[in-house]
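Undergrad: need the 3D shape of this:
(chains A and B)
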Number of protein chains: 2
Amino acid sequence: MGAVKTKRMPRAVREQQMLDAAVRTFGQRGYMAASMDEIAELAGVSKPLVYLYLNSKEDLFTACIRREGQALTEAVRAGVDTRSSADRQLWDGLRAFFTHTAQHPDGWSVLHLQARTHGEPFAAEVAALRAELVAFVTELIAVTAREAHRDRDPDLAEREVAGLAEALVGAAESLAAWSNATPGVTARQTAATLMNFAWAGLGNLVEGRPWSPPAGAEYRP
Amino acid sequence: MGAVKTKRMPRAVREQQMLDAAVRTFGQRGYMAASMDEIAELAGVSKPLVYLYLNSKEDLFTACIRREGQALTEAVRAGVDTRSSADRQLWDGLRAFFTHTAQHPDGWSVLHLQARTHGEPFAAEVAALRAELVAFVTELIAVTAREAHRDRDPDLAEREVAGLAEALVGAAESLAAWSNATPGVTARQTAATLMNFAWAGLGNLVEGRPWSPPAGAEYRP
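TA: Model (predicted):
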């Protein structure tokens, strides 16, 4: 890329190129090992320019978390029509989620692995993103449970629904990492695996058909 | 603790005290922020003694991962009787898992958060531990699926079983963190939530009752 061409580039475009390079470097090397030299070189700019635009390694990493987090939640929201049936919403949401994580493995690594364990403010950034996804799934399960229990008291307590949503999001996170690391597994197959698992289970629960502990299992929840 | 009493202590006991202090510090502060000074003080020994026994911060952290990982897998294995029915094994295994993570929140934080994101050799240590848990669950699902499909070809392909095991372990990891952070949620309640979710789903799958995508969902797995 020639110097003249580079200079003509608007700041916003240049910044996105830096973020692209940073997400790739943080995602593949990890936050600690990633160097600003490497990020600048990959972005095709000087290191002082990266500092001028994004201030510090910490601020650059925060910008990466925000951009990748926003892109992921937007992809899921765009994939779901909230007027659809609950199982259709879940299926569409899972497909959108796994398609996005498969297409952005470095971004997913930044969010899922890097951001959670390098202290504040990173952990808080990604916790807020995760909470948004959990809330989305919680609402979906709660609505479904209420619909299924129109005639009687709901069997699924609020806390149980919150736990189910945590389980589903955790399963999705685990499968996204597995799917990205397993050659030949498509986003659609991964979504179908989790949908089968989750919906067959949730479907039974909201219809009031829970699993029963075996005799002698001392079931005292 | 007096100097005389300390000196009489066998090396193995002293080392466990250092590891106790290290797990607590790494779990609560994170690997990077934890200082050897703090760990030595909490263990009631001098910093040079920690280095003498455990060599370096890296080696100390590796020793923590190994000890906590071994304790967790041993707790799960001890909780499960492999001669039991599949759902009983899963229920017993989940109770053992959540009981252990609830009783050792700092150890769980070391394994689940810290160890995964600070490069090698830590990531490899905890990946091996996780692979062991996934293999245990995979075998459980595979055996159940084979039993349910005695009369016909199994519907659950090997890859599907591997995906289901990843989903279940991911759900358990997510719920352990949620349960430890949510006041008033017991290990038994958490195990019941995941058992309900997982078994109702798995039970249907292995019986050949998968979820079916809605019309128009372009289901091409």
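Undergrad: could you list the low-pLDDT ranges of chain A?
TA: A:1-7, A:147-157, A:200-221 (pLDDT under 70).
Undergrad: residue nearest the middle of it, spatially speaking?
TA: A:Leu72 (5.8 Å; CA atoms, centre = their mean).
Undergrad: quick check: that one touching A:Gln103?
TA: No: using CB atoms under 8 Å, A:Leu72 is not in contact with A:Gln103, being 10.5 Å away. Just so you know, the C-beta spots here come from the backbone N, C-alpha and C atoms, and that holds for glycine as well.
Undergrad: could you check how far the lengthiest helix in chain A is from the centre of its chain?
TA: Counting residues, the longest helix found in chain A (DSSP state H) is helix A:122-148. Mean C-alpha position of helix A:122-148 versus that of the full chain (CA atoms, centre = their mean, to the nearest Å) differs by 12 Å.
Undergrad: list the buried ones in it?
TA: A:122-123, A:125-126, A:129-130, A:133-134, A:136-138, A:140-142, A:144-145, A:148 (16 or more other CB atoms under 10 Å in any protein chain shown).
Undergrad: ditto for stretch A:67-84
TA: Quick answer for stretch A:67-84 (16+ other CB under 10 Å): A:Arg67, A:Glu68, A:Gly69, A:Leu72, A:Thr73, A:Ala75, A:Val76, A:Gly79, A:Val80, A:Ser84.
Undergrad: for the fifth one, give its distance to chain B.
TA: Per CB to the nearest CB, to the nearest Å, A:Thr73 is found 17 Å from chain B.
Undergrad: farthest-apart pair in the buried residues of stretch A:67-84, please.
TA: Greatest spacing in the buried residues of stretch A:67-84, by CB to CB: A:Arg67 and A:Ser84 (28.4 Å).
Undergrad: neighbours around A:Ala86, how many?
TA: Neighbourhood size, A:Ala86 [other CB atoms under 10 Å in any protein chain shown]: 18.
Undergrad: go ahead and confirm it touches A:Ala142.
TA: No: the criterion here is CB under 8 Å, and A:Ala86 misses it with A:Ala142 at 10.0 Å.
Undergrad: count the residues that sit near A:Arg11.
TA: A:Arg11: 9 neighbours (other CB under 10 Å).
Undergrad: isn't it right next to A:Leu54, touching?
TA: No: using CB under 8 Å, A:Arg11 makes no contact with A:Leu54, being 11.3 Å away.
Undergrad: can you pull the contacts of the nearest residue to A:Ala43 once chain neighbours are set aside?
TA: In this structure, A:Ala43 finds its nearest non-sequential neighbour in A:Ala21, 3.8 Å apart by CB to CB, 6 or more residues apart in numbering or on different chains. Contacts for A:Ala21 (CB atoms under 8 Å, 6 or more residues apart in numbering or on different chains) come out as A:Ile39, A:Ala40, A:Leu42, A:Ala43.
Undergrad: if we use 10 Å, what do you get?
TA: A:Glu38, A:Ile39, A:Ala40, A:Glu41, A:Leu42, A:Ala43, A:Gly44, A:Val45, A:Val50, A:Leu60, A:Cys64 (CB atoms under 10 Å, 6 or more residues apart in numbering or on different chains).
Undergrad: first residue to last residue on stretch A:115-129, what's the distance there?
TA: 11 Å (CA to CA, to the nearest Å).
Undergrad: for the contacts of A:Ala21, which entry has the maximal number of neighbours?
TA: Result: A:Cys64 is most packed of the contacts of A:Ala21 (other CB under 10 Å), 30 neighbours.
Undergrad: helix, strand or coil for the closest residue to A:Arg130 other than its chain neighbours?
TA: Nearest non-adjacent residue to A:Arg130, counting by CB to CB, 6+ apart: A:Val169, 6.9 Å away. Counting by DSSP: H, G, I helix; E, B strand; the rest coil, the backbone at A:Val169 sits in helix.
Undergrad: that's all I had, so thanks and see you.
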